[in-house]
Structure formats: C-alpha cells, structure tokens
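In: Okay, sequence plus prediction incoming.
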Amino acid sequence: DKDLGSLSMFRKKIVATLGALALLIPAQAMALQCAPFARQVSGVDIFGNAKTWWYQAEGRYERGTEPKLGAVMTFKPTRSMPMGHVGMVSKIVSDREVLIDHSNWSTINGRRGHIERGARVVDVSAAGDWSEVRVWYAPLKDLGTSTYPLYGFIYGDGEGELDA
C-alpha cells in the first residue's frame, strides 16, 4: 500500500510538471485534450480516453447523477464524439445548470484544444436527472444545438486545482 501511495504521488507530480512545461509551449503547437485537463483540475487520477473514465472510476471514486463542485462530468461516446468527453464542474448555477471547466470542445479561431472555463451546461433530460445535456459552444456564443448523453459525475478527492 505504501508503494501504491508513492506511485500515486509520483504520477501527480509528473502530471503537474508536464502541465507546467505545457505553459512554455506556444499555444499553436499543442492541443490540450479533455482527459489530461480534467485530471489536472479535478484531482481524479484516471488515465485513458474520456469514454473509459466512468468505468475506471468504479470502486475507486464515488459516482452519481448529481453535479457537485469539483466533480468530473462524464459524457458517453456518441457518433460525433466517439472518445466521449470529460470536464470538471466549477460552479452550480441551479438544479438544472452548471458551469464546467473543460478543454477541446469549442472551435476557436479555427482550432480545437482550447481550455474553456465556466462553460455553461444545461440538463435537458425529460426527467431532470442529468442524463442528457446541452453545452456552451463558443462559435455560437450560446448553447450548442446538439444534446449529449452523460454517464454521470465522478466525485474526486478534492486535490485538483479548482481555482486554477
């Protein structure tokens, strides 16, 4: 157990170091994917494509259907988004609206990979259970026209960079 704790701490330090190094790379040279960004800001220590996070979290983190500050919102894969998507809840606006910090969603200046902070997400599910959402899309300066299914929320340990 001690070795696993050391490995987890080592991984977190590597991720933090890589994040700091990324600041030195010109923005045009890199596109930040959603999973590494969500891991950094939430403290949820899961690796791999976003579509795998919900299942990887089982037994490691609490999961549920209620948004909570700092939780990772996990999107199911769709035809237009086969790798899924993840973002961190940065503010609860109401029982059907939250703001998330995420990366690689909107096309801005013709490119993806941008970090968006405080992006509006609205629960549009018939049951009000956060099973389907619409997400802010910067080119429209409004919610996007598509709806996206969610797995739910992964509740981390609070060791992310919520105020980053």
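Out: That came through fine.
In: What's the first helix or strand after the helix or strand of the chain with the lowest mean pLDDT?
Out: The weakest-scoring helix or strand in the chain, judged by mean pLDDT, DSSP states H and E, is helix 2-22 (a mean of 60). Remark: after helix 2-22, the chain's next helix or strand is helix 34-42, criterion DSSP states H and E.
In: which parts of whatever helix or strand comes next after that next one are buried?
Out: The helix or strand immediately downstream of helix 34-42 is helix 50-57, counting by DSSP H and E. Buried residues in helix 50-57, counted by 16 or more other Cβ atoms under 10 Å: 50-54, 56-57. Quick note: C-beta positions are derived from backbone N, CA and C, even for glycine.
In: now swap in stretch 131-143 and tell me
Out: 131-137, 143.
In: For residue 33, which residues are in contact?
Out: Residues counted as contacts of residue 33 (Cβ atoms under 8 Å, 6 or more residues apart in numbering) are 103-104, 113.
In: tally of neighbours for the nearest residue to residue 38 once chain neighbours are set aside?
Out: Once flanking residues are discounted, residue 38 sits nearest to residue 86: 4.2 Å by Cβ to Cβ, 6 or more residues apart in numbering. As a burial measure, residue 86 scores 29 neighbours (other Cβ atoms under 10 Å).
In: Now residue 86: which helix or strand?
Out: Element membership of residue 86 [criterion: DSSP H and E] is strand 85-94.
In: could you check the angle helix 34-42 makes with that strand?
Out: Orientation check (axes from the mean of the first three to the mean of the last three Cα atoms, to 10 degrees): strand 85-94 against helix 34-42 gives 50 degrees.
In: Parallel or antiparallel, list what pairs with strand 85-94.
Out: Paired neighbours of strand 85-94 in the sheet (DSSP bridges): strand 72-75 (antiparallel), strand 97-103 (antiparallel).
In: Which pLDDT value does the model give residue 108?
Out: You'll see residue 108 listed with a pLDDT of 87.
In: Please apply the same query to the one 5 residues further on.
Out: Reading off the per-residue confidence, residue 113 sits at a pLDDT of 89.
In: Distance check, it against residue 107.
Out: Distance of residue 113 to residue 107, given as Cβ to Cβ, to the nearest Å: 10 Å.
In: Of the two, give the one with the bigger neighbour count.
Out: residue 113 (18 against 13).
In: is it true that the more buried one touches residue 102?
Out: No - applying Cβ atoms under 8 Å as the test, residue 113 and residue 102 come out as separate, 11.4 Å apart.
In: Can you get me a residue count around the closest residue to residue 131 other than its chain neighbours?
Out: Spatial nearest neighbour of residue 131, excluding adjacent residues (Cβ to Cβ, 6+ apart): residue 125 at 4.5 Å. A count of nearby residues for residue 125, using other Cβ under 10 Å, gives 16.
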